[in-house]
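Visitor: only the shape, not the letters, is given here:
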């Protein structure tokens, strides 16, 4: 029988200390599900678990598990440098470290330099293998991955001991994370879920979780973590209606416009759905996801705007998601079309992401690497906003940033904010729209992009880095990493700021050669 271990689990919701208003209110609601599941699995094997959800408000160094034998860290790519520094610190205290989450799937070849284990798809067998071995693997960690996503996962009831203390950190809005499916039926070329087969989870577990939540809160709020909620729409709604009294739980979900027909939206409203986050992505591609078929350009804008306005008649909060810088974009037209959409659909909050290639996240990234279009920006800036690591196909860098600044100023002008306020009928959605617009996501992002534009025009070395004429990281970015890591900067391993941006291509070529 294996010895009982002291297990630490750290979910890096934030990559840095953050006391901004939106972060204080919302970050605890963005806790990941998989770290909680790993906690359940470890306890089932008889081990003692200490779970830490880092939202940016805590003193992370004081929160770290003491005397842990094994520590799991869940990190997105933007938190990779934070995770690397944590692993180095924890290893110095005698712990064995494991990295999971999006970064482990996207950049395993880099992560094995700093962790004893790096896990991709994870099931209970993988976790048990780590628990039974629990030994240092250095200088290079072990890469482990299951053949696919698990067929079943512990539900809310089993995860409650980890959910409850996390939601206590959320002062106003408390969103319980749930998962009804894995993978995605769509094939968006830039998305990490595009190559993962769609797989619904057990509806009986989902129904038991919803009944359990009604015993914990007077009116629970559930955030669905499904990459695309409601693909089996009637099955989902039947399950919810079977166990949840009408209008007694609030739901938030990310879905596609192809699912959000008016009959479906009416049914969502009856069942308490108060916020939807559909992906529009592009005015020129992905017509299947938005159910616009061959419509492009202004025709697609008019069609999508009409549908979003219909949804807003039933659902009080809608965020529309766009990807800027796709190869189908050229000239000012894509940005002007988005501004037109903002004007035609004042009640929707637009979410903008810069095209980014996250290592092995999508097959399209191989093409970008083959064409030498991927820049070696440190992971710290790969959050879809603070750096675009794919050189635009049809823009110079200054042209591109000029356009996104112009779009940001239009979207988050006081005129647009007031129109959004008037078009939004309920108090909390109104408040959310205003806070997001005047915080880092709106005003802050416009100011940041203006600084990048200024540096591109005034600093030769800065421009050369963007043009791939040098790999020397501009001091501007180095200073930001150092400031945001704070005390963890001293624990960042040598060389951990840099990575091989073409590792996916290089390892693929090596496999083909073998």
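Guide: Sure thing, it's come through. If you're wondering where the values come from, they're calculated on a predicted model, not measured in any experiment.

Visitor: three-state assignment of the nearest residue to residue 281 once chain neighbours are set aside?
Guide: In space, residue 281 comes closest to residue 323 once its chain neighbours are excluded; the distance is 4.9 Å by CB to CB, 6 or more residues apart in numbering. In this view, the C-beta of every residue, glycine as well, is placed from N, C-alpha and C. Secondary structure for residue 323, judged by DSSP: H, G, I helix; E, B strand; the rest coil, is strand.

Visitor: neighbouring contacts of the helix or strand residue 336 falls within?
Guide: For residue 336, the element it lies in under DSSP states H and E is helix 333-344. Contacts to helix 333-344, defined as CB atoms under 8 Å, 6 or more residues apart in numbering, come from residues 280, 282-284, 297-298, 301-302, 304-305, 309, 320, 322, 324, 348, 350, 403-404, 406-407, 410-411, 416.

Visitor: over to stretch 40-47?
Guide: 2, 4-7, 9, 49, 124, 127-128, 131, 154, 158-159, 162.

Visitor: got it, and stretch 209-223?
Guide: 29, 155-157, 160, 164, 173-178, 240, 243-244, 248-253.

Visitor: apply 10 Å and report the result again.
Guide: 29-31, 154-160, 163-164, 167, 170, 173-180, 239-240, 242-245, 247-254, 272-275 (CB atoms under 10 Å, 6 or more residues apart in numbering).

Visitor: so what would you say the end-to-end distance of that stretch is?
Guide: Using CA to CA, to the nearest Å, the end-to-end distance of stretch 209-223 comes to 13 Å.

Visitor: as a whole number, average confidence for it?
Guide: The average pLDDT within stretch 209-223 is 95.

Visitor: could you shift the numbering so residue one becomes 25, and keep it that way?
Guide: Sure, I'll start counting at 25 from here, so that last one is stretch 233-247.

Visitor: list the buried residues for it?
Guide: For stretch 233-247, the neighbour count (16 or more other CB atoms under 10 Å) marks 233-234, 236-237, 244-247 as buried.

Visitor: same check on stretch 182-200?
Guide: Applying 16+ other CB under 10 Å to stretch 182-200 flags 182-184, 186-187, 190-191, 193-194, 197-200 as buried.

Visitor: got it, and stretch 74-91?
Guide: 74-80, 84, 88-89.

Visitor: sorry, back to before: and the helix holding residue 360, how far out from the chain middle?
Guide: 25 Å (CA atoms, centre = their mean, to the nearest Å).

Visitor: buried sites along it?
Guide: For helix 357-368, by 16+ other CB under 10 Å, it's 358-366.

Visitor: pLDDT of that helix, averaged?
Guide: Here helix 357-368 scores 97 as its mean pLDDT.

Visitor: so which elements touch the very next helix or strand once past it?
Guide: With elements assigned by DSSP H and E, the helix or strand that comes after helix 357-368 is strand 373-378. Helices and strands touching strand 373-378, by 3 or more CB pairs under 10 Å, 6 or more residues apart in numbering; DSSP states H and E, are strand 303-305, strand 341-348, helix 357-368, helix 421-435, helix 438-447, helix 451-462.

Visitor: dump these into a markdown table; add distance to residue 390 as well.
Guide: Converted to a markdown table, these look like this (distance: least, CB to CB, whole Å):
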| stretch | distance to residue 390 |
| --- | --- |
| strand 303-305 | 20 |
| strand 341-348 | 18 |
| helix 357-368 | 25 |
| helix 421-435 | 23 |
| helix 438-447 | 39 |
| helix 451-462 | 35 |
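
Visitor: before we move on, back to that, in the contacts of stretch 64-71, find the pair that's most separated.
Guide: 26 and 183 (23.7 Å; CB to CB).

Visitor: so residue 47 touches residue 80, yeah?
Guide: Yes: using CB atoms under 10 Å, residue 47 makes contact with residue 80 at a distance of 5.4 Å.

Visitor: anything in contact with each of the two?
Guide: 37-38, 40-41.

Visitor: closest to residue 498 among these?
Guide: residue 40 (19.2 Å).

Visitor: dihedrals phi and psi, the closest one?
Guide: Residue 40 adopts backbone torsions of phi -160, psi 160, taken as degrees, to the nearest 10.

Visitor: my read: it touches residue 506, true?
Guide: No: Residue 40 is beyond contact range of residue 506, at 11.1 Å (criterion: CB under 10 Å).

Visitor: the more surrounded of these two?
Guide: A direct count of neighbours by other CB atoms under 10 Å for residue 40 and residue 506 places residue 40 higher, at 21 against 13.

Visitor: show me what contacts the more buried one?
Guide: 47, 78, 80, 84, 102-103, 105-106, 404, 504-505, 507-510, 512.

Visitor: what about 6 Å?
Guide: residue 508 (CB atoms under 6 Å, 6 or more residues apart in numbering).

Visitor: ok, now residue 170?
Guide: 145, 147, 150.

Visitor: kindly recompute the last result at 10 Å.
Guide: Here residue 170 is in contact with 143-151 (CB under 10 Å, 6+ apart).

Visitor: neighbours around the residue nearest to residue 506 when sequence neighbours are not counted, how many?
Guide: Closest residue to residue 506 apart from its sequence neighbours, by CB to CB, 6+ apart: residue 513 at 5.1 Å. Neighbour count of residue 513, defined by other CB under 10 Å: 13.

Visitor: go on, residue 281?
Guide: Residue 281 - counted by other CB under 10 Å - has 20 other residues nearby.

Visitor: that one reaches residue 331, doesn't it?
Guide: Yes: at 5.9 Å, residue 281 counts as touching residue 331 under the criterion of CB under 10 Å.

Visitor: confirm for me that residue 508 is in contact with residue 109.
Guide: No: counting by CB under 10 Å, residue 109 is not a contact partner of residue 508; they are 11.2 Å apart.

Visitor: more neighbours: which of those two?
Guide: residue 109 (21 against 17).

Visitor: hang on, the residue nearest to residue 506 packs against residue 108?
Guide: No: at 11.3 Å, residue 513 does not count as touching residue 108 under the criterion of CB under 10 Å.

Visitor: quick check, central residue of this protein?
Guide: Residue closest to the mean C-alpha point of the chain, counted by CA atoms, centre = their mean, is residue 100 at 7.1 Å.

Visitor: give me phi/psi at that residue?
Guide: phi -80, psi 170.

Visitor: can you get me a residue count around the closest residue to it other than its chain neighbours?
Guide: Excluding the flanking residues, the one nearest residue 100 by CB to CB, 6+ apart is residue 126, at 4.7 Å. Residue 126 has 19 neighbours, counted by other CB under 10 Å.

Visitor: residues contacting residue 126?
Guide: So residue 126 contacts 56, 98-104, 216, 382-383, 385 (CB under 10 Å, 6+ apart).

Visitor: 7 Å instead?
Guide: 100-101, 216 (CB atoms under 7 Å, 6 or more residues apart in numbering).

Visitor: residue 428 too?
Guide: Applying CB under 7 Å, 6+ apart, the residues contacting residue 428 are 348, 473.

Visitor: returning to that earlier point: sort out for me which of the contacts of stretch 64-71 are in strands.
Guide: With strands taken from DSSP state E, the overlap with these comprises 30-31, 33, 73.

Visitor: now distance to residue 395 and neighbour count too, for these, in CSV please.
Guide: Formatted as CSV, these follow (distance: CB to CB, whole Å; neighbours: other CB atoms under 10 Å):
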residue, distance to residue 395, neighbour count
30, 48, 16
31, 44, 26
33, 39, 26
73, 45, 21
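
Visitor: redo these as CSV? Include distance to residue 113 and pLDDT.
Guide: Formatted as CSV, the ones in strands among the contacts of stretch 64-71 follow (distance: CB to CB, whole Å; pLDDT from 0 to 100):
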residue, distance to residue 113, pLDDT
30, 16, 96
31, 17, 97
33, 16, 98
73, 20, 97
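
Visitor: among those residues, which one lies nearest to residue 136?
Guide: Using CB to CB, the ones in strands among the contacts of stretch 64-71 come closest to residue 136 at residue 33, 20.0 Å.
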